[in-house]
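Trainee: Need a 3D model of the following:
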Amino acid sequence: RLPGGSRRAAAAMGRLLRRRALVGHLLVAGCGIGALFAYISGSPFVFQDGYGLSPAVYSLVFATNAVGTVLAGALFARLAGRVRLNTLLTIGVLVMALATGTLVLLLLAGVSTVPTTWICLFGATFGFGIVLPASTTIILAIGGDAPGAASGLIGGAQFLIGAAAAPLPGAAGTTTALSTAVAVLGFALVAAVALFVLARPGEGNGEPETA
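Mentor: Just a heads-up that it's a prediction; the model follows:
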C-alpha cells in the first residue's frame, strides 16, 4: 500500500488512462459486462413473455448459459499458459459478436425459436467467459506499476457500462428477442472495435513475457 489517499489514487488512474492499450482493454472489459447485463435484463422477457416458457424452464435456460460462462472460464485457465492472452481475448470477443450477430440475422429473417435463440445466447455467454478473465489479466499486467488503480478502473468501467446497458433491451417500450439481441450485439461490436483499434492484440500488450 502507498500513502497519499484519493489524490494519489486519482493521479495514478490518470496516468494509466494515458496508455492507449489499457484504455482499449478497459473498453473491451466494460463492453463485455455491458453485453452480459443486456442479456440478463432482457432474457426473462424474451423467454417467458416472448416464447411462453414457465419460470422453471426459463431457469434451466439461464442456468445452462451460466454454465457456459463457467466452462469458458475453465477453458481459459487451461489455455492461458499455452496460448497468448491476446489471442484468447480476440477469440472471446469474436465468439460474442458472431453468436449475437447470427441471432440478429435469424430474427430479422423470421427465424425466432427457443432453440436458435438459446444456442446463440449460449455462444454469447461462452464468449464472455473468455473475455472477462483475459481482459482483466491483461489490464492488470499493463497497469502493473499501479495495480490498485488498474483494478479500480476495471471495476468502474464495468459498473458504469453495465448500469447503462441493463435498460437498453426495453428502451423502445417493449423487450423482445430482437431488441435484446441488438443490444448485446452492439456492445460486442464496440468491444471488437476497441480491441482492434486501441488494444491492438497483435502488439502483445500484457503478455507474461512483456508484463
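Trainee: the bottom helix or strand of the chain by mean pLDDT?
Mentor: Using mean pLDDT, DSSP states H and E, the weakest-scoring helix or strand in the chain turns out to be helix 5-16, at a mean of 85.
Trainee: who does the next helix-or-strand element following it touch, helix- and strand-wise?
Mentor: As assigned by DSSP states H and E, the chain's next helix or strand after helix 5-16 is helix 20-44. On a contact count with 3 or more CB pairs under 8 Å, 6 or more residues apart in numbering; DSSP states H and E, helix 20-44 meets helix 55-79, helix 85-108, helix 114-142, helix 147-165, helix 177-194. For the C-beta atoms, the positions are set from N, CA and C on the backbone; glycine is no exception.
Trainee: One more pass at 7 Å, please.
Mentor: When contacts are defined as 3 or more CB pairs under 7 Å, 6 or more residues apart in numbering; DSSP states H and E, helix 20-44 packs onto helix 85-108, helix 114-142, helix 147-165, helix 177-194.
Trainee: tally of neighbours for the residue nearest to residue 167 when sequence neighbours are not counted?
Mentor: Computed as CB to CB, 6 or more residues apart in numbering, the closest residue to residue 167 that is not its neighbour in sequence is residue 41, at 7.0 Å. When counting by other CB atoms under 10 Å, one arrives at 19 neighbours for residue 41.
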